[in-house]
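Student: sharing a sequence plus its predicted fold:
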Amino acid sequence: MSAYERARRHAWWMVGALVVAILFVAVVERYFGHSSLAFGVAIVGLIAANRPMLRHNCPRCGKNLFFRGIFVVPWPNRECGRCGLDLTQEQNTDAQD
Ligand SMILES: [Zn+2]
């Protein structure tokens, strides 16, 4: 699997985590009233779910696929922003999975 493909899976995983977090807060608000604790739990959960993002790096130069310069975006680069490597291609240097 290419680096881009793996990063894209993570992006979808985060979409799912975000939906679950929103539903969780909505359900708590519905049945227990407004709760900043539920909101805090949802935020912490999302940060935890997003931790693997830091492992999605360019196999050649190590630049993170989710960073565009200083900005973090929810969708990975197809092409490395630093070295121009096509991340949709299978990389032999990448021994993960
Ligand atoms: Zn690169």
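Tutor: Yes, it's here.

Student: how about the strand or helix carrying residue 16, which residues are buried there?
Tutor: Assigned by DSSP states H and E, residue 16 belongs to helix 3-32. Using 16 or more other Cβ atoms under 10 Å as the test for burial, helix 3-32 gives 3-4, 6-8, 10-11, 14, 17-18, 21, 25, 28. C-beta coordinates here come from the backbone N, C-alpha and C atoms, glycine included.

Student: I'd like to know which elements the next helix-or-strand element following that helix is packed against.
Tutor: Later in the chain than helix 3-32, the nearest helix or strand by DSSP H and E is helix 36-49. Under the contact definition 3 or more Cβ pairs under 8 Å, 6 or more residues apart in numbering; DSSP states H and E, helix 36-49 sits against helix 3-32.

Student: and the helix it packs on, anywhere near the ion?
Tutor: No - residues of helix 3-32 contacting the ion under Cβ under 5 Å from the ion: none, with a closest distance of 9.2 Å.

Student: average pLDDT for that helix?
Tutor: The average pLDDT for helix 3-32 rounds to 96.

Student: angle of that helix against helix 36-49?
Tutor: 170 degrees (axes from the mean of the first three to the mean of the last three Cα atoms, to 10 degrees).
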